[in-house]
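**Student:** Sequence and predicted structure below; questions after.
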Amino acid sequence: MTQRANIDAGAELDPVHPVQPPSPAAGRATGLSTAEVAERVARGEVNDVPVRSSRSTAEIVRANVFTRFNAIIGVLWVIMLFVAPLQDSLFGFVIIANTGIGIIQEMRAKKTLDGLAVIGEAKPTVRRDGRAAEISTSEIVLGDLVELGPGDKVVVDGEVVETDGLEVDESLLTGEADPVLKKPGDRMMSGSFVVAGGGAFTATKVGREAYAAQLAEEASRFTLVHSELRSGISMILKYVTWLMIPTSIGLVISQLVVKDDNFKQSVAYTVGGIVPMIPEGLVLLTSVAFAIGVIRLGRKQCLVQELPAIEGLARVDVVCLDKTGTLTEGGMDVTELRPLNGTDEAYVRKVLGALGESDPRPNASLQAIIDAYPDSEEWRCTESLPFSSARKYSGAAFSEGDGENSTWLLGAPDVLLPAGDPSLAEIDSLNEQGLRVLLLARAGRELDDPRVATDARAAALVVLEQRLRPDAGDTLRYFSEQNVHAKVISGDNAVSVGAVAGKLGLPGAENTVDARQLPTEQSEMASVLDENAVFGRVTPQQKRDMVAALQSRGHTVAMTGDGVNDVLALKDADIGVSMGSGSEATRAVAQIVLLNNSFATLPSVVAEGRRVIGNITRVATLFLVKTVYSVLLALLVVCTQVEYLFLPRHLTLLSTLTIGIPAFFLALAPNTERAKPHFVRRVMRYAIPGGVIAAVTTFATYLLARHYYVGDGAREAETSAATLTLFLVSMWVLAIIARPYTWWRICLVAAMGVAFLLVLAVPWLQTFFALKLVGTTLPWAAVGIAAVGAVGLEFAWRWVDRRGAA
């Protein structure tokens, strides 16, 4: 018997590899006994590398609690508990609440990810007591006999025992693109995967000793790094820290040394100047937004193996789709058998039955043939040639039971037949209907002859009907509406691929390109890719080259696939998306796995990413406007040698009403705008003018109030007037950020305004927050200055918009 080659999958191979007869040991090695397995488990010789898709609970708590800004705020909070009333220490309780929310949401995300990881985990086949069984990767023990077939990932290191045309791709480990033909005694490295043939190997290194164990563990971790969003926020926080240090020192000296005031009150005002410089909620909201995104996608059976993938897919402007398994479902049906050149149909059925039965791991194409044509028991396979995506055909030699020997090839007609063959016209008409056609040909040469396909005699056409995914058309339309260009890239016949794409309404499907005619020079290839949408007869290496060519034009590329021939392209794409039913190797390199095998889930992932990035950009502007005006106010206080304007309670109130509560709702709102690059630049070009206007108008009101109010209660009145101006300007910033308006956004902004009015109107709240407007002249002046600031904001931000558009 021969190990069946995977007709739908494979990776780039040399056109022909030496053919191997089935190994003599095949089928006779029984593997470990139950008792031997128990002994190894007792000795700890188990593959105990943790398969994790999320951070541990301790890591989540540590990441949320032990931060630089939490440390600064924690020290200031302790000081305030000793020197000021409780209401001036409210900022500390807010930080505790924020940290708690962050931990809870990440724990929810962890639970979701861990549950999905178990569903999507690879289940290697091991032979024990002579019987093959699927087990968890972590249950493999030293000395286990692990069986392999096309698409299987090598999960532990070992030594080859049995082979049947076993070809292994080690490019993910060594960078060498050409697959390696394995022989008994050869070394197997974990992290490689099977591209053709089959076999078995004995595990010689398990757990953390295995070659790729550390790589695999690191790659599968839940992470919030390696994204423009996270790195941009880290850069902002770094600059904020550098700004804070000298400003805070100057403020401390100004308030405690220069001013001869009450010490405790001076400490309180100093802390009131330092705390608002810290954008403490920005990191929290980013983490929460990502975590909630994971939870939402988890409900749709979408496993996000790396969190930045949510962000990355939102930035995608080209998505490359593999036809088989993505646009079409896995199953196929034989609709017609057309004998050629006078070949007897009954004889052809026997050949197809023998080819199908010879493979213990049928894929969609061969499974359809097996279902249609039963095996003839008297036929015996003597040697085989596994399928590869580079060759586009497989083969087998048979002893027919009557003394006759024959060699047969099954694969792509336009590869096996010479150009101009009359049968090709007939095949083209079938391909135009979206049907898949395989050619059965009798070879006149031995299978190990490099030119075995030359002069092969066509015997029959096998016509297969592919089942279109019912949701594929809607998904393609969604991408088109979102200005994301879809490129169908398939190893199948170009005309057939174009017909399938045409049925799904893909623009440009009528202009299908045969990849064998593609230029090899990258810039020329990129031009062809930009101008066309459907490509057939693409080899695995070409898929990889096409991804690189698109990226060279500045495109952010997502690649979807399910076969082992998609692995290299998935790895090189900005975002790799695998189907849950795809090969182990495909799932291992993809950042996103669609466990329900539904292509229709992709729009949800795109929408989630756009929601996260678009909304974090919005709320980051809110937070950083506060940081800018806080730093500028502190500098103005130091330069003018006046008392600081606010107590911590004032800025806690303002931050909660104009940033904290609104930011939480805005961060989780729907947002369909495609993510744009240069996160830091886009945020700062709004935050700097906004912060400058807020600081200048507030300080102007404060200086005016200092000249207007005298006597007892003057400082509280000055602070109240300045607070009113800062609140109104901050509310205008919020009103701009909340655009375009919807009913709930209008209600959100209005509710924050009403809450502030309540503080001003209710006596005990006035006392609690030390806010009381005195008289009418100065409060109205504060409102007027705020109105000027609002006009300035509108002009400044519109000017920034025009410059950005230009």
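**Tutor:** Great, that's in hand.
**Student:** residues near the closest residue to Gly660 other than its chain neighbours, how many?
**Tutor:** Using CB to CB, 6 or more residues apart in numbering and skipping residues adjacent in sequence, the residue nearest Gly660 is Gly281, 6.0 Å away. Any C-beta I mention is one placed from the backbone N, CA and C, and that applies to glycine too. Counted by other CB atoms under 10 Å, the residues lying close to Gly281 total 26.
**Student:** got the contact list for Gly281?
**Tutor:** By CB atoms under 8 Å, 6 or more residues apart in numbering, Gly281 lies in contact with 98, 623, 659-660, 663.
**Student:** Same question for Arg544.
**Tutor:** 568-569, 572.
**Student:** Which stretches in the stretch 101-250 of the chain count as helices?
**Tutor:** Here the stretch 101-250 of the chain has its helices, by DSSP state H, counting those that start in this stretch, at 171-174, 213-219, 228-253.
**Student:** can I get these in TSV with distance to Leu550, mean neighbour count and mean pLDDT?
**Tutor:** As requested, those are exported to TSV (distance: least, CB to CB, whole Å; neighbours: other CB atoms under 10 Å; pLDDT from 0 to 100):
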stretch	distance to Leu550	mean neighbour count	mean pLDDT
helix 171-174	20	17	63
helix 213-219	24	15	47
helix 228-253	19	17	80
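**Student:** To Leu476, which of those lies closest?
**Tutor:** helix 228-253 (27.4 Å; CB to CB).
**Student:** need the next SSE after the closest one, C-terminal direction.
**Tutor:** Downstream of helix 228-253, the next assigned helix or strand under DSSP states H and E is helix 263-274.
**Student:** Buried residues, that next one. List them.
**Tutor:** Buried residues in helix 263-274, counting neighbours by 16 or more other CB atoms under 10 Å, are found at 265-274.
**Student:** need the helices for the stretch 601-750 of the chain, in chain order.
**Tutor:** For the stretch 601-750 of the chain, the helices defined by DSSP H, counting those that start in this stretch cover 602-640, 648-655, 661-667, 679-708, 714-737, 743-761.
**Student:** before we move on, the earlier item: which helix or strand contains the residue nearest to Gly660?
**Tutor:** Assigned by DSSP H and E, Gly281 falls in helix 280-299.
**Student:** so how far is the helix or strand just after that helix off the chain centroid?
**Tutor:** Toward the C-terminus, helix 280-299 is succeeded by strand 302-304 as the next helix or strand (DSSP H and E). Centroid displacement of strand 302-304 relative to its chain, using CA atoms, centre = their mean, to the nearest Å, is 8 Å.
**Student:** Name every strand pairing with strand 302-304 and say which way it goes.
**Tutor:** strand 592-594 (antiparallel) (DSSP bridges).
**Student:** Please list the outside residues in contact with the strand it pairs with.
**Tutor:** Contacts of strand 592-594 (CB under 8 Å, 6+ apart): 120, 301-305, 309, 313, 575-580, 582, 587, 601-602, 605.
**Student:** ok, now with 10 Å
**Tutor:** By CB atoms under 10 Å, 6 or more residues apart in numbering, the surrounding residues in contact with strand 592-594 are 53, 116-117, 119-120, 297, 300-306, 309-310, 312-313, 326, 558, 560, 562, 575-582, 586-587, 600-602, 604-605.
**Student:** Look up the closest residue to Val37, ignoring the ones flanking it.
**Tutor:** Leaving aside its sequence neighbours, Val37 sits nearest to Val141 (CB to CB, 6+ apart; 5.5 Å).
**Student:** how about the spatially most distant residue from the centre of the chain, what does it touch?
**Tutor:** When distances are taken from the C-alpha mean of the chain, Gly711 lies farthest, 62.4 Å away, according to CA atoms, centre = their mean. Residues in contact with Gly711 (CB under 10 Å, 6+ apart) are Ala717.
**Student:** With only the CA atoms kept, save the helix holding Gly281 in CSV.
**Tutor:** The C-alpha trace of helix 280-299 is given here as CSV (Å, rounded to 0.1, in the frame of the first residue of the first chain):
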residue,chain,number,x,y,z
GLU,A,280,-3.0,56.4,33.7
GLY,A,281,-6.2,55.1,32.0
LEU,A,282,-4.8,54.9,28.5
VAL,A,283,-2.9,51.6,28.9
LEU,A,284,-5.8,50.2,30.8
LEU,A,285,-8.3,51.1,28.2
THR,A,286,-6.1,49.7,25.4
SER,A,287,-5.8,46.4,27.3
VAL,A,288,-9.5,46.2,28.0
ALA,A,289,-10.4,47.0,24.4
PHE,A,290,-8.1,44.2,23.1
ALA,A,291,-9.4,41.8,25.8
ILE,A,292,-13.0,42.5,25.0
GLY,A,293,-12.2,42.1,21.3
VAL,A,294,-10.8,38.6,22.1
ILE,A,295,-14.0,37.7,24.0
ARG,A,296,-16.3,38.9,21.3
LEU,A,297,-14.3,37.0,18.6
GLY,A,298,-14.2,33.9,20.8
ARG,A,299,-17.9,33.8,20.8
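**Student:** Now do the buried residues in it.
**Tutor:** Result for helix 280-299 [16+ other CB under 10 Å]: buried residues 280-298.
**Student:** cool, and stretch 425-435?
**Tutor:** Neighbour-count burial for stretch 425-435 flags 427-428, 430-431, 434-435 (criterion: 16+ other CB under 10 Å).
**Student:** With stretch 342-352 instead?
**Tutor:** Within stretch 342-352, the residues that count as buried by 16+ other CB under 10 Å are 343, 348-352.
**Student:** At the geometric centre of the protein, which residue sits there?
**Tutor:** Mean-position check on the chain, CA atoms, centre = their mean. Result Ala309 at 2.0 Å.
**Student:** so which of the helices of the stretch 601-750 of the chain gets nearest Ala42?
**Tutor:** Minimum separation from Ala42 across the helices of the stretch 601-750 of the chain (CB to CB) falls at helix 602-640, 44.4 Å.
**Student:** Show me which residues of the closest one are buried.
**Tutor:** 602-638.
**Student:** Turn the contacts of Gly281 into JSON lines, columns for pLDDT.
**Tutor:** Converted to JSON lines, the contacts of Gly281 look like this (pLDDT from 0 to 100):
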{"residue": "Asn98", "pLDDT": "72"}
{"residue": "Phe623", "pLDDT": "87"}
{"residue": "Ile659", "pLDDT": "88"}
{"residue": "Gly660", "pLDDT": "83"}
{"residue": "Ala663", "pLDDT": "86"}
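**Student:** which among those residues gets closest to Val791?
**Tutor:** Checking the contacts of Gly281 against Val791 by CB to CB gives Ile659 as the nearest, at 21.9 Å.
**Student:** Disregarding flanking residues, what is the spatial nearest neighbour of that closest one?
**Tutor:** The shortest distance from Ile659 to any non-neighbouring residue, by CB to CB, 6+ apart, is to Leu622 (4.9 Å).
**Student:** was I right about that neighbour contacting Phe665?
**Tutor:** No. Contact criterion CB atoms under 10 Å: Leu622 and Phe665 do not qualify, at 11.6 Å.
**Student:** Mutual contacts of these two, please.
**Tutor:** Contacts common to Leu622 and Phe665, judged by CB under 10 Å, 6+ apart, are Ala738.
**Student:** In helices, which of the buried residues of stretch 425-435 fall?
**Tutor:** Residues of these located in helices (DSSP state H): 427-428, 430-431.
**Student:** And stretch 550-560, end to end?
**Tutor:** With CA to CA, to the nearest Å as the measure, stretch 550-560 spans 15 Å from end to end.
**Student:** same thing with stretch 397-405?
**Tutor:** The straight-line separation of the ends of stretch 397-405 (CA to CA) is 7 Å.
**Student:** Now do it, average pLDDT.
**Tutor:** Here stretch 397-405 scores 80 as its mean pLDDT.
**Student:** mind checking how far it is from the chain centre?
**Tutor:** Stretch 397-405 sits 52 Å away from the centroid of its parent chain (CA atoms, centre = their mean).
**Student:** Isn't Thr656 up against Pro662?
**Tutor:** Yes. Under the criterion of CB under 10 Å, Thr656 makes contact with Pro662 at 9.5 Å.
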